[in-house]
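[1] Test case, fold it:
(one chain, ligands or ions: 1)
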Amino acid sequence: MPALASTTRLLILAGYSLPSHVSTWRHSVRFFSRVAKEHQGPLTLASLGFSSQLEATTGSTGKRSNVENSVKLTRSPVDRPRSIATPVVKATRGSVDDIELAPFSAKSFSELGLPPLLIERLESEGFKVPTDVQSAAIPTILKDHDVVIQSYTGSGKTLAYLLPILSRIGPLKDANSTLKSKDDGGGKRKNDIEAVIVAPSRELGMQIVREVENILGPENKRAVQQLVGGANRSRQEEALKKNKPVIVVGTPGRIAEISAAGKLHTHGCRFLVLDEVDELLSFNFREAMRRILDHVGRKSERRTVLVSATVPFAVIRAARSWSDDPVLVQAKKVTPLELVPPSGPVDSTQPASDSNPSASQSLPPSLKHYYSVVKLQHKVDALRRCVHAMDAKCVIAFMNHTKQLKDVVYKLEARGLNAAELHGDLGKLGRSTIMKKFKNGELRVLVTNELSARGLDIPECDLVVNLDLPTDSVHYAHRAGRTGRLGRKGIVVTICEESQVFVVRKMEKQLGVAIHSCEFTEGKFVIDGEEKEESTMDGVSGSSDMVQQACST
Ligand SMILES: Nc1ncnc2c1ncn2[C@@H]1O[C@H](COP(=O)(O)OP(=O)(O)OP(=O)(O)O)[C@@H](O)[C@H]1O
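    Down below sits the predicted model:
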């Protein structure tokens, strides 16, 4: 009985009172898995016709029973399946008026069980409607589950984990939240940090800090402290001592360093977030990550959140060892980890197919992909022609080697394009100055390496160019995801040599997207062959729409 099975699975995750044989979380996962295996498919909240209104209830049971006032999802007034078709939502936030394809499903943040103070702050910052992944992740984390969040680039994963955290700790937390706080006699020391958020780059770390500060508001900014590498360490340590923040956000090396120096107390940490987790698993971060994981308390006593647009199976393995009965949260879908196939939930290294439909789930659907074949020595000129033909205003060009960036910048500037290089060898100040100039439109082209591929949120970016081929489809996805954020239109152009076209074709298959061949001649963007008509309608004209929108924001 598939319908019954699905409903039961929904009820379990949604926190409905369960029959006594599934009254504990462990039981429920086992039961859940059994039913889900019978049913063969992931849990879908919206498709089963439940609204995500949350109400306080008492008597929560099971492993998570330390949540005395837990929340439960209630049925919508009309108890029948709601359409899962993506609604067209007009953005209410000032700078995001151009959102056309925003993947929202819950109608408001208040439906998700967030405390009133936090909702007020969200509204004053212009956040009115949660995205799909936020609609799925917020109630799940509020229900005290460990999660792996996977959703395409620019879909709002940061707020998806920040909001449930801020509703449990810090100045905006739910006044009725009865989770043991550090002052409740929970055995924690006064200066213990309550949430540790780790990101692989300084830029991403700083971006997350800004997002937390925005939500907290100016009077509460001190509740969060950045601990990113490249910045003055003693100042960071001073700030920790003086401000006693509840949240720290930083890069693995710096967090590990300050922790090893005994200046950061994270043993009582209640939330550990690993953003861009697949990157954090890389060899470079191994030692620092080990230190962090060894000093954030027991996994049963904290909630662990792993996040990325690309989730290879290594992440699933890491989640199993670092977190406690985690679930995989995707937009409109929550799946127990034991049901995730060994190929991974989003295996962008394998061809997209019926059996691997999720390969394309790391890319925003609104993106258009093209490639252009040129000789090696004409690549930079092709980039220049591409920028002009698209009339793009905010362009990120990716290369593989830091040494070549400067040369490209010189060539572009010599042809009248404002450009700058961004890479890890620049100091923190230099990097942030360039980012500022790029964001405020002083620079038209940012020439960069893999450093900028992960997590950077520059909503105005209307064109991404691969001046060198990315090493694989995962890298392609993260680079491409710097444009087309939150439902905006975006264009990705890969400039390559004839001998590299087969690599583009391979990534096309793995990602499950069409990458059309194109040229830039006489200031025009020309799509080759039969693809021309289709793309001219919504690609070329789309690009000029996009550019106008980018200009107006
Ligand atoms: N509910 C919302 N309403 C309006 N804007 C939102 C909402 N949620 C997030 N945003 C904005 O959308 C943009 C993208 O969000 P975010 O950076 O969290 O995406 P992401 O999924 O983490 O992307 P990536 O995978 O590239 O890291 C940000 O500018 C953020 O402020």
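
[2] Tell me the backbone dihedrals of residue 249, please.
    phi -130, psi 130 (degrees, to the nearest 10).

[3] thought it was touching residue 227?
    Yes - using C-beta atoms under 8 Å, residue 249 is in contact with residue 227, at 7.0 Å. Glycine gets a C-beta too; all of them are placed from N, C-alpha and C.

[4] got any residues that touch both of the two?
    Taking C-beta atoms under 8 Å, 6 or more residues apart in numbering as the contact rule, residue 249 and residue 227 both touch residue 205.

[5] the more surrounded of these two?
    When neighbours are counted by other C-beta atoms under 10 Å, residue 249 and residue 227 differ, and residue 227 comes out ahead with 31 against 28.

[6] Contacts only, for the most centrally placed residue in the chain.
    Computing the C-alpha centroid of the chain and ranking residues by C-alpha atoms, centre = their mean puts residue 157 first, at 3.7 Å. By C-beta under 8 Å, 6+ apart, the contact set of residue 157 is 133, 137, 149, 151, 275, 307, 309.

[7] And it, how close does it get to the ligand?
    4 Å (C-beta to the nearest ligand atom, to the nearest Å).

[8] got the residue ranges for the helices in the stretch 151-300 of the chain?
    157-166, 202-216, 233-243, 252-260, 277-280, 286-294 (DSSP state H, counting those that start in this stretch).

[9] From the contact counts, what lies against the longest one?
    Other elements packing on helix 202-216 under the criterion 3 or more C-beta pairs under 8 Å, 6 or more residues apart in numbering; DSSP states H and E are helix 116-124, helix 157-166, strand 224-227, strand 247-250, helix 428-439.

[10] Mean pLDDT for these - can I get that in CSV?
    Output for these, formatted as CSV (pLDDT from 0 to 100):
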stretch, mean pLDDT
helix 116-124, 94
helix 157-166, 97
strand 224-227, 98
strand 247-250, 98
helix 428-439, 91
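
[11] For those, could you give me a markdown table that also reports distance to residue 196?
    As requested, these are exported to a markdown table (distance: least, C-beta to C-beta, whole Å):
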| stretch | distance to residue 196 |
| --- | --- |
| helix 116-124 | 20 |
| helix 157-166 | 10 |
| strand 224-227 | 9 |
| strand 247-250 | 6 |
| helix 428-439 | 21 |
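
[12] and whichever residue of the stretch 201-350 of the chain sits closest to the ligand, what is it in contact with?
    Here the stretch 201-350 of the chain gets closest to the ligand at one residue, residue 309, 4.1 Å apart by C-beta to the nearest ligand atom. Contact partners of residue 309, counting by C-beta under 8 Å, 6+ apart, are 150, 151, 152, 153, 155, 157, 346, 362, 477, 478, 481.

[13] switch to 7 Å and redo it
    Residues counted as contacts of residue 309 (C-beta atoms under 7 Å, 6 or more residues apart in numbering) are 150, 151, 152, 153, 362, 477, 478, 481.

[14] Now that we're looking at the residue nearest to it when sequence neighbours are not counted, what pLDDT does it have?
    Spatial nearest neighbour of residue 309, excluding adjacent residues (C-beta to C-beta, 6 or more residues apart in numbering): residue 362 at 4.2 Å. Looking at residue 362, its pLDDT is 89.

[15] what about residue 362, neighbour count?
    27.

[16] right, and it touches residue 310 too?
    Yes - Residue 362 lies in contact with residue 310 (C-beta atoms under 7 Å); the separation is 4.9 Å.

[17] gap between residue 380 and the ligand?
    26 Å.

[18] Dihedrals phi and psi, that residue?
    The phi/psi pair for residue 380 (degrees, to the nearest 10) is phi -70, psi -40.

[19] residue contacts, it?
    408, 411, 412.

[20] Just among the residues you listed, which is most surrounded?
    Busiest of those [other C-beta under 10 Å] is residue 412, holding 23 neighbours.

[21] any idea which element that one lies in?
    Using DSSP states H and E, residue 412 sits in helix 403-414.

[22] That helix: which residues count as buried?
    Neighbour-count burial for helix 403-414, counted by 16 or more other C-beta atoms under 10 Å, picks out 404, 405, 408, 409, 411, 412.

[23] got TSV for those, with pLDDT and distance to residue 163 too?
    Formatted as TSV, these follow (pLDDT from 0 to 100; distance: C-beta to C-beta, whole Å):
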residue	pLDDT	distance to residue 163
404	94	41
405	96	37
408	97	40
409	97	39
411	97	44
412	97	40
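
[24] Would you mind listing the two of those residues that lie farthest apart?
    404 and 412 (12.5 Å; C-beta to C-beta).

[25] Look up which helix or strand residue 520 falls in, please.
    Per DSSP H and E: strand 515-521 holds residue 520.

[26] helices or strands next to that strand in the packing?
    Other helices and strands packing on strand 515-521, by 3 or more C-beta pairs under 7 Å, 6 or more residues apart in numbering; DSSP states H and E, are strand 367-373, helix 379-390, strand 524-527.

[27] Of those, which shows the lowest average pLDDT?
    strand 524-527 (a mean of 90).

[28] That one: partners in the sheet, and parallel or antiparallel?
    Counting by DSSP bridges, the strands paired with strand 524-527 are strand 515-521 (antiparallel).

[29] I'd like the mean pLDDT over the strand it pairs with, please.
    93.

[30] Might you enumerate the residues of the stretch 151-300 of the chain proximal to the ligand?
    151, 153, 154, 155, 156, 157, 158, 159 (C-beta under 6 Å from any ligand atom).

[31] Redo the helices of the stretch 151-300 of the chain as JSON lines? Include distance to residue 486.
    Shown next, in JSON lines, are these (distance: least, C-beta to C-beta, whole Å):
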{"stretch": "helix 157-166", "distance to residue 486": "11"}
{"stretch": "helix 202-216", "distance to residue 486": "13"}
{"stretch": "helix 233-243", "distance to residue 486": "31"}
{"stretch": "helix 252-260", "distance to residue 486": "27"}
{"stretch": "helix 277-280", "distance to residue 486": "21"}
{"stretch": "helix 286-294", "distance to residue 486": "29"}
